[in-house]
Structure formats: C-alpha cells, structure tokens
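A.B. asks: 3D, please:
(one chain, ligands or ions: 1)
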Amino acid sequence: MLSNVMEMKRGAGAYVLPELPSEMLPIDEYDEVHVNVSGGADSVATVLVALHDYRIPKEKIKLVHMRVDGDPNSGKRPLFDWPQTDEFLEYLSKALDLPLIVIWDELGLEGRIRERGMFPSSQCRFCTSYLKRDVYAKWVRQFDNIKILLLTGERSEESTERSEKPIFRLHSAHKTRRKNRLVHWLTPIKHMLKTEVRQLCADYGIELHPCYQWVSRCSCKFCIFNTSSEMSRTSQLFPEDWAYLKEMEQELGHTMKSKDGMSHSLSAFIKEDQIAFF
Ligand code: SF4
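C.D. replies: Numbers count the residues shown, from 1 in each chain. Predicted coordinates:
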C-alpha cells in the first residue's frame, strides 16, 4: 500500500528548473543548504524540492525562519506574526526531520514602524529588508570557511516584480575580503504555479498553514499587501490587535494605506462602518 502511495506522487522534479544555473556549484559541493521558511506553502514546496528533487542530504539542510514580531519571549504584543506560525513550523520541522532555526530583529516590525514614524509601503518596503533580508544576512555572516546555498520560494506568478528577479544571485552575505564564505541564492520554484505548489504539498502529505482559511498568502496577518476583504477578515479574527493598529495610525499621523495619493485609514480601507457583525 505504501509503495502505491509513493508511486502516485508526481515528485518534485516534475515542476522545477530543468537545469541549474551555470554560475552555481554542483549541488553536492555546498556545505550547507538554508531554506527560508515563512510557513507558507511556497516555502514548504521549496523544502520538498530540496529533499526530493535535488536530493540534498538532510544533514546539510537547515530551515531558517525570521520572526517579524521579534523575540517571542519579549512580552511585546505579537502584532504581525500569525499566532499559529511557530507551532506550524515545529510541525514542519518534525514532519520532515529537519532542524529549525528561528531568528529575529530585536525591534521587530512594530518597533521599526515607530522608529521610522511610518508604515512600510510597496515603494518603501522596509519591513522585508529590516525583518527578513537583513536578519538572515546578519545571522549568516557568523560563518566562515563555508559554501552555503540559500533557497527561497519566490514565484513569477505572484507579481511582475518577482517575475523580473533572477533565478540565481550572489547573496549580500557572500564573502567579504576577510571571510571565506560563499552564499549562493537560488529560487528553485520560480516557475511553479500556485496549484502545483499546493499539489506538491499534498503529494507529500504536508498540511498547510491554517491561515489559508482566511487569506490567500501566508504573510503578516496585517500585511501591507492584504486586500480589503483579507484585512477585514483579520480585523475580525484579532479585534484587539486591530484596534491597536488603528491607534498606531493616530499616534504616528501616518496611515498604512493610501488611495490616489491620499491617506486612507485602515477603517476606511475595509469600509468598517459598513461591516455587519453577527
Ligand atoms: S508580509 Fe507584508 S507586511 Fe510582512 S514583511 Fe512581508 S511585505 Fe511586509
């Protein structure tokens, strides 16, 4: 029965890059492979590709998660991370038998917003740079005499911006003059479609993060890119955090959203005065 189930799987290789970029080393020459995991289906699919298509030995793989709200033991309000994410990543780590590294920026996203006196936006996306990119780069700079392959789960289908990004890059933490550290960055599922990502997760029996019941992407619960209906749903799921976020808009004198160049409050964005609460 088990072998039948195994035969039914399409295998990750059905979906990914037919050839690796020529600038890369042969995959078995990397000492470590880091997969950035948010908890979203794309990051899960990336791990599955690493394991089942590239057949990277488990001893070389680390799941690396960047928490957006900072230290979970700081006592600060967890405003942006989904409360289920830590548990989901523990589940994923156990299910795949891979180590999980959780790292964060000390200020967290709320702290960075207050420091700057503004919310991030698509033009000034400091949330991703401070809370994700820089946190990983700082962590990885501790290593020397090592060849690292970083895998992340961006896909062309998600946005024009993502479709224009290269499949392969040297990471900003690639060697400096004094360090012998190589950090190659590959986006192996760039050409996969959302339906294929979901199918791959199902083929390997991996559950999806529970947030997909409410939002289409597993990002911050109050992500700047949430649609009005997604923001409306999360506002109802987390009413205290929503009230706090609206207070932040007042305190900062800056709104998360704008429309036609004009500030657009969170309440107006979700047309809160028209929502029927049952
Ligand atoms: S999920 Fe949205 S709000 Fe959170 S870091 Fe990414 S872009 Fe910024």
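
A.B. asks: So which residues of the stretch 151-278 of the chain form strands?
C.D. replies: 168-170, 181-186, 257-259, 262-264 (DSSP state E, counting those that start in this stretch).

A.B. asks: Please convert the ones you listed to TSV, extending it with mean neighbour count and distance to Y204.
C.D. replies: Backbone N, C-alpha and C define where each C-beta goes, glycine included. Shown next, in TSV, are the strands of the stretch 151-278 of the chain (neighbours: other C-beta atoms under 10 Å; distance: least, C-beta to C-beta, whole Å):
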stretch	mean neighbour count	distance to Y204
strand 168-170	15	25
strand 181-186	21	20
strand 257-259	14	38
strand 262-264	12	42
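
A.B. asks: so who does the closest residue to E23 other than its chain neighbours touch?
C.D. replies: Leaving aside its chain neighbours, E23 sits nearest to F168 (5.7 Å; criterion: C-beta to C-beta, 6 or more residues apart in numbering). Contacts for F168 (C-beta atoms under 8 Å, 6 or more residues apart in numbering) come out as 21, 23-24, 184-187.

A.B. asks: Apart from its neighbours in sequence, what residue is nearest the residue most central in space within the chain?
C.D. replies: Nearest to the mean C-alpha position of the chain, counting by C-alpha atoms, centre = their mean, stands S38 at 3.5 Å. Spatial nearest neighbour of S38, chain neighbours left out: C218 (6.0 Å); criterion: C-beta to C-beta, 6+ apart.

A.B. asks: Could you say which helix or strand holds the residue in the stretch 51-200 of the chain positioned nearest to the ligand?
C.D. replies: Using C-beta to the nearest ligand atom, the closest approach of the stretch 51-200 of the chain to the ligand is made by C127 at 3.2 Å. Assigned by DSSP states H and E, C127 falls within helix 126-128.

A.B. asks: could you dump stretch 242-254 to CSV, C-alpha only?
C.D. replies: Provided in CSV are the C-alpha atoms of stretch 242-254 (Å, rounded to 0.1, in the frame of the first residue of the first chain):
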residue,chain,number,x,y,z
TRP,A,242,-6.8,45.7,15.0
ALA,A,243,-7.8,48.4,17.5
TYR,A,244,-4.1,48.8,18.5
LEU,A,245,-3.1,49.1,14.8
LYS,A,246,-5.7,51.8,14.3
GLU,A,247,-4.4,53.7,17.4
MET,A,248,-0.9,53.4,15.9
GLU,A,249,-2.1,55.2,12.8
GLN,A,250,-3.4,58.0,15.0
GLU,A,251,-0.2,58.2,17.1
LEU,A,252,2.1,58.2,14.0
GLY,A,253,-0.1,60.5,11.9
HIS,A,254,0.5,58.1,9.1
